[in-house]
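S.K.: build the 3D model from these lines:
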Amino acid sequence: MIWTVHFHLIIIFSATALSPSIQQTLADLDLVRRSCANATYPEICLHTLSAAGANARTPRELAQSAVGVSLGCARRASGFLAGIKANGKGEEGALRDCLEQMADSVEDLRKTLSALELLSPGGGGSDFRWRMSNAETWVSGALANEDTCLDGFKEIDGRVRSDVRRRITNVARVTSNALYLINLLEHSP
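M.R.: So this is what the prediction gives:
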């Protein structure tokens, strides 16, 4: 019993005596946790942003981190697609189309990231709304391109289809979460 009381006092004292940098890191991780709670894919959101968004101190910085993660995933998926050997004309055409769609997705995500970086920290105003509208349009376009890439594989069976579907579905989920976090910016202080 006494040991338990001492243990709890040590924990309470330790928590209040944390260095400011550790306290900030915990606050940053809390932002990630709270923001990801209602995302389309909350587990993926938490997993991808716990490290990438760990130093995001504002919802805008967190949205930027989410788009950055999505952009990295899209680039890696494009590299993966470029390295696949097609087994026939159907796969070859689907891969070529998918590569084009993913290149467009990468470009849309790059433009989204630029728009978010130019948002005024206080938000509000016509410039804020215009940049937000652009960011939402571009990230939505990236998501549509990823979906279109998958559509090209509907008539194809085999390992290539399943490998592409797995990779692009992951990119689409991360992009969907990025769109969610961008949409949160319109409602954050």
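S.K.: residue 66 is in contact with residue 177, isn't it?
M.R.: Yes: if you go by C-beta atoms under 8 Å, residue 66 and residue 177 touch, sitting 5.9 Å apart. In short, each C-beta sits where N, CA and C put it, glycine included.
S.K.: shared neighbours of the two, anything?
M.R.: 45, 48 (C-beta atoms under 8 Å, 6 or more residues apart in numbering).
S.K.: not counting sequence-adjacent ones, nearest residue to residue 103?
M.R.: Leaving out its chain neighbours, the residue that sits closest to residue 103 by C-beta to C-beta, 6 or more residues apart in numbering is residue 78, at 6.6 Å.
S.K.: check residue 153 too.
M.R.: That would be residue 161: by C-beta to C-beta, 6+ apart, it lies 4.7 Å from residue 153.
S.K.: residue 108 too?
M.R.: The spatially closest residue to residue 108, leaving aside those adjacent along the chain, is residue 142, at 3.9 Å (C-beta to C-beta, 6+ apart).
S.K.: tell me the secondary structure of the one you found, please.
M.R.: helix (DSSP: H, G, I helix; E, B strand; the rest coil).
S.K.: before we move on, the earlier item: of residue 66 and residue 177, give the one with the bigger neighbour count.
M.R.: residue 66 (33 against 26; other C-beta atoms under 10 Å).
S.K.: surely the residue nearest to residue 103 touches residue 99?
M.R.: Yes: the pair residue 78 and residue 99 qualifies as a contact (C-beta under 8 Å) at a distance of 6.6 Å.
S.K.: quick revisit: could you count how many residues lie near the residue nearest to residue 153?
M.R.: 17.
S.K.: tell me which helix or strand it sits in.
M.R.: Element membership of residue 161 [criterion: DSSP states H and E] is helix 159-185.
S.K.: report the mean per-residue pLDDT for that helix.
M.R.: Averaged over helix 159-185, pLDDT sits at 94.
S.K.: now do it: distance to the chain's middle.
M.R.: 8 Å (C-alpha atoms, centre = their mean, to the nearest Å).
S.K.: same for that helix, what does it pack against?
M.R.: helix 20-36, helix 42-52, helix 59-82, helix 89-117, helix 125-151 (3 or more C-beta pairs under 8 Å, 6 or more residues apart in numbering; DSSP states H and E).
S.K.: right, I'll leave it there.
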